[in-house]
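> compute the structure for the input listed below.
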Amino acid sequence: MQQNGDTRGLSMREYVTQVAEEITARVNHQRETMLKLLEAEEHGNGSIPYCPLVDCSPRQKYRAALIEAVRVLEETRRSFKSKQLEDLRKKLQVVLAEDAGRSL
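Okay, here's the model as predicted:
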């Protein structure tokens with residue numbers, strides 16, 4: 001099965017299967033999001049982080065930028081002995097770890 005929207009070389013059966021799987025994943029994400037929202041409202045907090053697509057393009061771009069920033073900070077940490085840069089790198093790593101653990 002092709003990934004990232006590349007449908008070249010797929011048979012019609014494979015293409016339909018891929019589309020159906022993507023739709024199913026998005027519907028499941030919508031269901032999970034609505035259930036989290038309902039649960040949050042029951043506990044007095046009516047807002048939750050939300051992205052309408054399972055792994056939307058903006059989220060992919062932000063994740064890639066954070067990974068690149070962490071990589072650069074890691075590579076330059078010996079050259080720039082800055083506590084602020086170290087703290088920033090660690091904060092970005094926490095954000096990336098939280099994102100990786102996010103249920104879709």
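> from here on, just use CA atoms for contacts and neighbour counts.
OK.
> following element in sequence after the lengthiest helix in the chain, please.
For the chain, the longest helix by residue count, based on DSSP state H, is helix 12-42. Once the chain leaves helix 12-42, the next helix or strand it forms, by DSSP states H and E, is helix 57-76.
> buried residues, the helix or strand just after that next one. List them.
Later in the chain than helix 57-76, the nearest helix or strand by DSSP H and E is helix 83-100. Buried residues in helix 83-100, counting neighbours by 16 or more other C-alpha atoms under 10 Å, are found at 85-86, 89, 92-93, 96.
> do the same with stretch 60-73
So stretch 60-73, judged by 16+ other C-alpha under 10 Å, has buried residues 63, 66-67, 69-70, 73.
> now stretch 16-26
Buried, per 16+ other C-alpha under 10 Å, within stretch 16-26: 18, 26.
> distance between it and the chain's centre?
Put simply, stretch 16-26 sits 18 Å off its chain's centre (C-alpha atoms, centre = their mean, to the nearest Å).
> what about this structure, any weak spots by pLDDT?
Residue ranges of the chain with pLDDT under 70: 1-7, 45-57, 101-104.
> domain assignment for it?
As recorded under automatic domain parsing, the domains making up the chain are 1-52, 55-104.
> any chance of the buried residues of stretch 60-73 in CSV, plus distance to residue 20?
Listed next are the buried residues of stretch 60-73 as CSV, based on distance: C-alpha to C-alpha, whole Å:
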residue, distance to residue 20
63, 26
66, 31
67, 31
69, 36
70, 36
73, 41
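> ramachandran angles for residue 77?
phi -70, psi -30 (degrees, to the nearest 10).
> residues contacting it?
The contact partners of residue 77, taken as C-alpha atoms under 8 Å, 6 or more residues apart in numbering, are 85-86.
> against residue 41, how distant is it?
Applying C-alpha to C-alpha, to the nearest Å, the value for residue 77 to residue 41 is 44 Å.
> repeat that for residue 22.
From residue 22 across to residue 41, the span is 29 Å (C-alpha to C-alpha).
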